[in-house]
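In: Provide a 3D model corresponding to the input given below.
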Amino acid sequence: MTFRTIEVKVPSDMKDEVLSILGEESVERSLVLKTEDQEMLIRALVPKEKVEEVTEALCEAGVEKEGWLSVATVEVFLSAEAEDIKEEAREEEQDRISRDELKAQTSEMAKLTPSYLILTIVSSVIATCGILINSTAVVVGSMVIAPILGPAVASGVGTVLADRDLFREAIFSEVLGVLIAVISSAIFAWIAFKFNLVSPIYDPMLVDEIIERIYPTFLSIAIAIGSGIAGALSLTVGLSTALVGVMIAVALIPPASVAGIGIALGDPLIAVGASILLAVNVLFLNLSGTLTLRYQGYLPSEYYKQIWVKRDLVRVSIVYVVLIGLASTMVVGVSYNMYSNAAFEGEVEGVVEEVLEGYDELEFKELEMGYDSYYILFEEPVSITISIYSHGPPPDDIKSELSDIIYLETGKELELTVEVIQVL
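Out: The predicted structure is shown next:
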């Protein structure tokens, strides 16, 4: 629980009305001063949960037209009466900041500033380094300095508060930031490969940090949705935006860097796969953040603006849903392809174990499936390597027998390799 200082400057004839409003809203302390131009400066201390109610009442009384009001955070407040007021505020109000505070915070965070661009470039380059050396610690470190939280949340704030200028500015900053992250990673990765800063035998398909981000799945969607909800809540209830910003960066910076690496390598599987994952994450993150703000009650107090917001929410949601549908089609396809291949591998393993049970001297060890890509992100099994233990001379026809039975059971003709490990 924290307090806010509300300062109101109004003509002298509005003093009583303002004091009455402040008194009704359980204000802890107030002070009345007369300014040089004979206007009244009223200062009040209000629990955070009461700020929105107070400011709305003051605006309805005409404070905005006749004078001004400001809200500032109070770091420490010591009072014997404070605890009672805190408990009363907790019981009556939701634990969230006011609309005006939320808008003020996100308006600053959504701006396309030089520091935002520089930090985006630096974080994407560091993430690229971490991915190239397969270091999770370095990748996580890059997320700490990524400034992507502001625009990602501000787009939802602009939608819910009927501030279209804020929405457009936030979307522009977010999209440009993501594109800059991809381009920066691509340029840095190209330099790294061009000047042999990476091992010449470097195989990106053996790097876990890359493999994890080229096949978008439903788990990726869950991460993006959780990040969007956490980002919105971090601003509205006073959580650490630095920590939550890392979570949002998880959904955006590494996929952007992997997409850049794929572009630098000229590898369509890596570039397209990571780009689709990045697009899916951006869409679900923004949509979940917007809906979170909506269900926290952040609609404008004016009825006509509420109508605008509801219409804008419908339009924005339709756009998001259409784009998500297009991107999710690939997610569904990739997920089903991975499931089918895993099921096929299990089926083949069962067939092999059944055949080897007929030989006392043979024992199944493992099998490794080889895949070939089609339509960039989809794979089909084309070869199989079966490793078996042999406690005696293996049958000469074991390879052909396994090949024939696998074809009969699965209907697929695979290039078969049998590795026999002699056990003494």
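In: What ranges does the stretch 101-250 of the chain have for its helices?
Out: For the stretch 101-250 of the chain, the helices defined by DSSP state H, counting those that start in this stretch cover 114-132, 136-144, 149-160, 164-194, 208-211, 218-236, 241-265.
In: Deepest-packed of those helices, please.
Out: Between these, helix 149-160 has the highest mean count of neighbours, a mean of 28, where neighbours are mean count of other Cβ atoms under 10 Å. Heads up, the C-betas are built off the backbone N, CA and C, glycines and all.
In: Give me the helices and strands touching it, please.
Out: The criterion is 3 or more Cβ pairs under 8 Å, 6 or more residues apart in numbering; DSSP states H and E, and the helices and strands that helix 149-160 contacts are helix 99-109, helix 164-194, helix 218-236, helix 241-265, helix 268-295, helix 303-356.
In: for Leu197, what are its contacts?
Out: The contact partners of Leu197, by Cβ atoms under 8 Å, 6 or more residues apart in numbering, come to Ile191.
In: quick revisit: of all the helices of the stretch 101-250 of the chain, which lies closest to Lys48?
Out: The stretch from the helices of the stretch 101-250 of the chain with the least distance to Lys48 (Cβ to Cβ) is helix 218-236; that distance is 10.9 Å.
In: pLDDT score for the closest residue to Val198 other than its chain neighbours?
Out: Taking Cβ to Cβ, 6 or more residues apart in numbering, and ignoring the residues beside it in sequence, Val198 has Ala192 as its nearest neighbour in space, at 5.1 Å. pLDDT for Ala192: 91.
In: Same question for Val182.
Out: What the model reports as pLDDT for Val182 is 95.
In: Looks like Ile324 contacts Asn286 (just checking).
Out: No - using Cβ atoms under 8 Å as the test, Ile324 is too far from Asn286 to be in contact (10.0 Å).
In: quick revisit: for the helices of the stretch 101-250 of the chain, give me CSV that also has distance to Ser390.
Out: Supplementary listing: the helices of the stretch 101-250 of the chain in CSV, determined by distance: least, Cβ to Cβ, whole Å:
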stretch, distance to Ser390
helix 114-132, 42
helix 136-144, 40
helix 149-160, 58
helix 164-194, 44
helix 208-211, 33
helix 218-236, 40
helix 241-265, 41
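In: Out of the ones you listed, the one nearest Glu401 is which?
Out: Comparison of those against Glu401 by Cβ to Cβ identifies helix 208-211 as nearest, at 34.3 Å.
In: Report the backbone C-alpha coordinates of that closest one in CSV.
Out: Presented in CSV, the C-alpha positions along helix 208-211 are these (Å, rounded to 0.1, in the frame of the first residue of the first chain):
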residue,chain,number,x,y,z
ASP,A,208,19.8,-25.8,-28.4
GLU,A,209,19.2,-22.0,-28.3
ILE,A,210,18.4,-22.1,-32.0
ILE,A,211,16.5,-25.3,-32.2
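In: Alright, I will stop here.
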